[in-house]
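**Q** quick one, fold the following:
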Amino acid sequence: MNWRLRSTFTCYLVVLPSLALLFTFVYLPVFWAFSKSLYEFEVGSPARFVGLDNYAEYLLRDPTCWPSLLNMLLLTLFAVAMRLTFPLLVARLIYALPTERSRHFYRILFLVPIVVPGVAVQLIWMGLVYGDRGLLNEVLRLAGLGGLATGWLSDPNTALAAVAMVGFPFIGGFEVLVYYAGFANIPTSVNEAALLEGCVGVRKFFLIDLPLVLSQIKLIVILTIIGGVQAFQNVFILTRGGPGFATNVPGMWMYLNAFSFQRMGYACAIGVLLFLLILALTLLNLKYFKSAEQLQGKAP
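**A** Here you go, the predicted structure:
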């Protein structure tokens, strides 16, 4: 066995444990979900093959399907719009600060909230903001608008909007850092040329800065879409899909079918459909949303 072959064999041995764990805890559950979506079964009981009936039931006979898909679409579009505006503007303002010390301080300041668990954030909004005596209702009463005070999460007319507004003002530390990295990678020569041409301020932001951070924007769009389609944690904590089905989303319905109604095959079918939807949206994003490198002709 020559040296090159031994080196290659050693490299494969090094990555083998990681590949084994990846296959066991990622790929195997995915294959299991695809196969079990063709069966009707409960945990611990025999499975009955039903073919594509689980898919047909969800898409054609389940009354929650299309309303929950609409809720998911609205929440995802809102999340995309927010993550493409406020964090981007904050990152540009931080980048415009005169000293590296001040830029570093504000990056840390916006990064600190990331350490707060998402569940805690949801519970704070549910109790301290949206509660009957929560911040929002108390502000309305102090402003003489007590008639507008309501149970924001228990009213079908406001529940979906209340779920969407959790996290206001939508300046996440992760998005700010990603956008800031994009601005920081803009070559100094580009900024100097823009200054010489008199392209500054808002004009420079739209004509130069924004096109050069399209790679970061593309990343945030993909991650937000994936998170929006998979979302169920916030709905589970805040409303459990209620009142009624006003805030129900496919991820929530999948969870309920799996762990409350014990319809594991049906839940797997919903999960597979969400996987295919995420895959299709991601491919469309990659194909039609060009990055900065692709616009400059440096990537295929």
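**Q** what is the strand or helix carrying Leu274 packed up against?
**A** Using DSSP states H and E, the element containing Leu274 is helix 264-288. The elements that helix 264-288 packs onto, with contact taken as 3 or more C-beta pairs under 8 Å, 6 or more residues apart in numbering; DSSP states H and E, are helix 28-36, strand 39-40, helix 53-56, helix 214-230, helix 250-259. (C-beta placed from N, C-alpha, C; glycine too.)
**Q** now for the ones you listed, which one comes closest to Arg4?
**A** Distances from Arg4 to each of the helices and strands packed on helix 264-288 were compared using C-beta to C-beta; the shortest belongs to helix 28-36, at 32.8 Å.
**Q** for the closest one, list every residue counted as buried.
**A** For helix 28-36, the neighbour count (16 or more other C-beta atoms under 10 Å) marks Ala33, Lys36 as buried.
**Q** angle of it against helix 264-288?
**A** 120 degrees (axes from the mean of the first three to the mean of the last three C-alpha atoms, to 10 degrees).
**Q** could you pull out the strands for this structure?
**A** Along the chain, the segments classed as strands by DSSP state E run 39-40, 48-49.
**Q** sheet partners, orientation included, of the first one?
**A** With DSSP bridges as the test, strand 39-40 is paired with strand 48-49 (antiparallel).
**Q** quick one: contacts of the partner strand?
**A** Residues outside strand 48-49 that contact it (C-beta atoms under 8 Å, 6 or more residues apart in numbering) are Leu38, Tyr39, Glu40, Phe41.
**Q** re earlier: mean neighbour count and mean pLDDT added to the strands of the chain, as TSV?
**A** Written out in TSV, the entries for the strands of the chain read as follows (neighbours: other C-beta atoms under 10 Å; pLDDT from 0 to 100):
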stretch	mean neighbour count	mean pLDDT
strand 39-40	18	88
strand 48-49	10	86
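**Q** Arg133: which of the ones you listed is closest?
**A** Ranked by C-beta to C-beta, the member of these that lies closest to Arg133 is strand 39-40, at 46.3 Å.
**Q** ok so, going back, check the contacts of strand 48-49 and tell me the two furthest apart.
**A** Among these, the pair separated by the greatest distance (C-beta to C-beta) is Leu38 and Phe41, at 10.3 Å.
**Q** give me the common contacts of those two.
**A** Gly265.
**Q** residues in contact with the spatially most central residue of the chain?
**A** Closest residue to the average C-alpha location of the chain: Gly227 at 2.6 Å, with C-alpha atoms, centre = their mean. Listed by C-beta under 8 Å, 6+ apart, the contact partners of Gly227 are Ala79.
**Q** could you redo the last one with a cut-off of 10 Å?
**A** Taking C-beta atoms under 10 Å, 6 or more residues apart in numbering, we find Gly227 in contact with Thr76, Ala79, Val80, Arg83, Gln233, Ile278.
**Q** tally of neighbours for the first one?
**A** By the criterion of other C-beta atoms under 10 Å, Thr76 has 21 neighbours.
**Q** going forward, count from 34.
**A** Will do, 34 is the new start, and the previous item becomes Thr109.
**Q** follow-up on the earlier one: ok, now how distant is the residue nearest to the centre of the chain from Leu307?
**A** Taking C-beta to C-beta, to the nearest Å as the measure, Gly260 falls 12 Å from Leu307.
**Q** isn't Ile250 right up against Phe216?
**A** No - here Ile250 lies out of contact with Phe216, judged by C-beta atoms under 10 Å, at a distance of 11.6 Å.
**Q** look at Leu108 and report its pLDDT.
**A** The predicted local confidence for Leu108 comes out at a pLDDT of 93.
**Q** now Tyr88
**A** Listed pLDDT for Tyr88 reads 92.
**Q** surely it touches Gly304?
**A** No - checked against C-beta under 10 Å, the pair Tyr88 and Gly304 is beyond contact range at 11.3 Å.
**Q** list the contacts of Phe216.
**A** So, once contact is read as C-beta under 10 Å, 6+ apart, Phe216 ends up touching 121, 124-125, 127-129, 224, 238, 242-243, 245-246, 249.
**Q** kindly recompute the last result at 7 Å.
**A** Applying C-beta atoms under 7 Å, 6 or more residues apart in numbering, one finds that Phe216 lies in contact with Ala124, Arg125, Tyr128, Asp242, Val246.
**Q** turn the residues you listed into CSV, columns for distance to Leu289, neighbour count and pLDDT.
**A** Conversion of the contacts of Phe216 to CSV gives the following (distance: C-beta to C-beta, whole Å; neighbours: other C-beta atoms under 10 Å; pLDDT from 0 to 100):
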residue, distance to Leu289, neighbour count, pLDDT
Ala124, 38, 26, 91
Arg125, 42, 18, 90
Tyr128, 44, 18, 88
Asp242, 45, 20, 83
Val246, 40, 24, 88
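**Q** perfect, I'm done here.
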